[in-house]
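>>> Quick one: sequence plus predicted model below, questions after.
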Amino acid sequence: MGLLGAGVVGSGTLDLLARRGEQIARSIGARLQVRRVLVRDLARPRAVTIPADQLTTDPSTILDDPSIDVVVELMGGENPAVEYIARALANQKHVVTANKEVIAKHGPELLDLANRNDVNLFFEASVGGGIPVISVLRHDLIANEITSLRAIINGTTNFILTAMEQGRSYDEALAEAQRLGYAESDPSNDVRGTDAVYKLAILSTLAFRTNVRPSQIGCVGIDQLRQKDFKHAAGMGYVIKLLASADVGAKGIVASVRPTLIPTSHHLASVKGVFNAVLLDGDQIDKFMLYGQGAGARPTASAVVADLCAIAHNLQRGVIDRIEIAPQDRPIVDPGDMLSRYYLRLQVADRPGVLAQIAQVLATKAISISSVMQHETDETTGVAEIVIMTHAAVERDSAAALAEIRHLDSVREISAVLRVER
Ligand code: NAP
Ligand code: HSE
């Protein structure tokens, strides 16, 4: 095989193959042999030793070499990764990738190309790090109609949120997540929610057998959150998570990634640090949850090597796995249609009638208030902080109400708007 990339995951994969190669060869009856490794910078120090004659900066020495059966794409980013994967498939090479952006944006086309060329395209490591969620959706839950999915699928943000809950700063936690190899090369993809959107697109597409594209998923990141949100949430019996949600309703599929208050009794509330979890509702199994480390070299390499072993099995039996990614064609509903309770944190002038004004605007959109907390006024500024919990409201209505509230002369700032999960 040829590896494209020897960063966190590529080095982890090479290390795992070096340590477990013999054992794996005995288990699968075939030896996984690395022929070449593509990198950008030949001189960069690596976490593993790679023989100099294996390292290359020329992709054609892998993509066009007929002695290479399998290409393992671990470079990341959309381009040139998508072109390299397509070229490998067109050259009848099997492909394993951890690239959620490429699979979320181009999965159906690439799987079609793989099917036409009689090769496998596997992507277990693209979602949930070491959790075998793709395999479970494709094989083990095939007899189910899945109607709902709730997931924590970004290790970096969950690591940051857990650290903030414990009183540490956002910047310090992000720096540590980067040092530990959890974050994307551009960490704004993690903290703005984009990475979770890619993963939710892949999971929803497989779970609901309908092609769900990243552009159809609502996205809000974690950058609005402050330490005080964690304190207010804890005081009311909640934790804050970046929650990926998708449901099949009467009108179709609705999917979004949002920072969300989750009751401390919820299955996902205890998912801390780099751990991820996927909670599914299937008509045969009812509730079902997968849990494990969602990022990092070792868990992700575990998923990559599992895909390599599956390909080795298929090669020995002379078969391929045809992944029909979207045989159903359900409509995708605008995320604005999503129904949810909300947590609102606002800075307002401390004077009579302010709460009544805000309640009035919410009432015009039929949004009912469930509780209000006002904290002591800052005497120097005359500004008070209020936290409002609403009853369930349609996201579009709540956004319209907040746009009006923002323009009330008594409202200084809407500091946080978070969904609240039941
Ligand atoms: P990384 O540490 O940044 O490594 C990327 C590797 O690809 C580096 O070796 C780099 O070469 C090489 N590369 C990048 N662009 C290249 C180009 N145009 N030509 C040649 N080589 C190129 O990234 P990573 O964290 O390993 O992530 C790799 C993939 O796995 C991404 O798709 C990511 O989303 C996914 N993933 C990561 C994790 C995780 O925990 N990190 C978990 C699951 C999935 P140089 O070393 O010479 O710069
Ligand atoms: N940056 C990703 C995360 C890597 O933090 O979850 C795993 O896909």
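Sure, I can see it. Keep in mind the model is a prediction, meaning the values are calculated, not measured. Ligands and ions are numbered 1, 2, ... in the order given.
>>> Any regions of the stretch 301-422 of the chain where pLDDT drops low?
Scanning the stretch 301-422 of the chain for pLDDT under 70 picks out the ranges 325-327.
>>> What's the nearest residue in it when you look at ligand 2?
Ala303 (9.9 Å; CB to the nearest ligand atom). Placement of C-beta: from N, CA and C, glycine included.
>>> do the strand or helix carrying that residue and ligand 1 meet?
Assessed by DSSP states H and E, Ala303 sits inside helix 297-317. Yes. Using CB under 6 Å from any ligand atom, helix 297-317 reaches ligand 1 at Thr300.
>>> Report all helices and strands that that helix contacts.
For helix 297-317, the elements it packs on are helix 8-28, strand 70-73, strand 94-97, strand 121-122, judged by 3 or more CB pairs under 8 Å, 6 or more residues apart in numbering; DSSP states H and E.
>>> what about 10 Å?
Where contact means 3 or more CB pairs under 10 Å, 6 or more residues apart in numbering; DSSP states H and E, helix 297-317 is packed against helix 8-28, strand 70-73, strand 94-97, strand 121-122, helix 133-135, strand 286-293.
>>> what about the residue of the stretch 301-422 of the chain closest to ligand 2, neighbour count?
Neighbours of Ala303 under the rule other CB atoms under 10 Å: 28.
>>> Contact partners for it?
The contact partners of Ala303, by CB atoms under 10 Å, 6 or more residues apart in numbering, come to 9, 13, 96, 98, 122-135, 292.
>>> Tell me which residues touch the closest residue to it other than its chain neighbours, please.
Nearest residue to Ala303 in three dimensions, chain neighbours excluded: Ala125, at 3.8 Å (CB to CB, 6 or more residues apart in numbering). The neighbours of Ala125, taking CB under 10 Å, 6+ apart as the test, are 9, 12-13, 72, 74, 96-100, 131-132, 134, 299-307.
>>> Separate out the buried members of the contacts of Ala303.
Those of those that meet the buried threshold are 9, 13, 96, 98, 122-135, 292, by 16 or more other CB atoms under 10 Å.
>>> Please tabulate the helices and strands packed on helix 297-317 in JSON lines, including the columns distance to Ala392.
Shown next, in JSON lines, are the helices and strands packed on helix 297-317 (distance: least, CB to CB, whole Å):
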{"stretch": "helix 8-28", "distance to Ala392": "40"}
{"stretch": "strand 70-73", "distance to Ala392": "43"}
{"stretch": "strand 94-97", "distance to Ala392": "39"}
{"stretch": "strand 121-122", "distance to Ala392": "40"}
{"stretch": "helix 133-135", "distance to Ala392": "29"}
{"stretch": "strand 286-293", "distance to Ala392": "21"}
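>>> Quick one, which of these gets closest to ligand 2.
Closest to ligand 2 of the helices and strands packed on helix 297-317, according to CB to the nearest ligand atom: helix 8-28, at 8.6 Å.
>>> can the closest one be found next to ligand 2?
No. Counting by CB under 6 Å from any ligand atom, ligand 2 has no neighbours in helix 8-28; the shortest distance is 8.6 Å.
>>> ok and the residue in the protein nearest ligand 1?
Gly7 (1.8 Å).
>>> Contact partners for Val274?
Per CB under 10 Å, 6+ apart, neighbours of Val274: 129, 154-156, 158-159, 162, 177, 180-182, 292-296, 299.
>>> ok, which of those also contact ligand 2?
Restricting the contacts of Val274 to those within reach of ligand 2 (CB under 6 Å from any ligand atom) leaves 129, 154-156, 182, 294-295.
>>> which SS state does the residue nearest the centre of the chain fall under?
Nearest to the mean C-alpha position of the chain, by CA atoms, centre = their mean, lies Ala196 at 2.5 Å. With DSSP: H, G, I helix; E, B strand; the rest coil as the basis, Ala196 sits in helix.
>>> same question, the one 5 residues further on
Per three-state DSSP, the local secondary structure of Ala201 is helix.
>>> Helix or strand: which one has the residue lying closest to it once chain neighbours are set aside?
Distances taken as CB to CB, 6+ apart put Ala104 closest to Ala201, at 4.1 Å, once the chain neighbours are dropped. Element membership for Ala104, per DSSP H and E: helix 100-116.
>>> what are the C-alpha coordinates of that helix, in CSV please?
These are the backbone C-alpha positions of helix 100-116, laid out as CSV (Å, rounded to 0.1, in the frame of the first residue of the first chain):
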residue,chain,number,x,y,z
LYS,A,100,-14.6,13.6,6.6
GLU,A,101,-14.5,16.7,4.4
VAL,A,102,-14.0,14.7,1.2
ILE,A,103,-16.5,12.0,2.1
ALA,A,104,-19.1,14.5,3.3
LYS,A,105,-18.8,16.6,0.1
HIS,A,106,-18.0,14.0,-2.5
GLY,A,107,-18.9,10.6,-0.9
PRO,A,108,-21.7,9.5,-3.3
GLU,A,109,-19.6,10.4,-6.4
LEU,A,110,-16.5,8.7,-5.1
LEU,A,111,-18.4,5.5,-4.0
ASP,A,112,-20.0,5.4,-7.5
LEU,A,113,-16.5,5.6,-9.0
ALA,A,114,-15.3,2.9,-6.6
ASN,A,115,-18.2,0.6,-7.6
ARG,A,116,-17.6,1.2,-11.3
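>>> Next, the buried residues of it.
Buried residues in helix 100-116, defined by neighbour count with 16+ other CB under 10 Å: 100-108, 110-115.
>>> next one: it to chain centre, how far?
Offset of helix 100-116 from its chain centre (CA atoms, centre = their mean, to the nearest Å): 18 Å.
>>> going forward can the numbers begin at 18, since that is how I track them
Taking 18 as the first residue, the last one we looked at is helix 117-133.
>>> How about the residues of this protein by ligand 2?
Neighbours of ligand 2 within the chain, by CB under 6 Å from any ligand atom: 146, 171-173, 199-201, 207, 212, 311-312.
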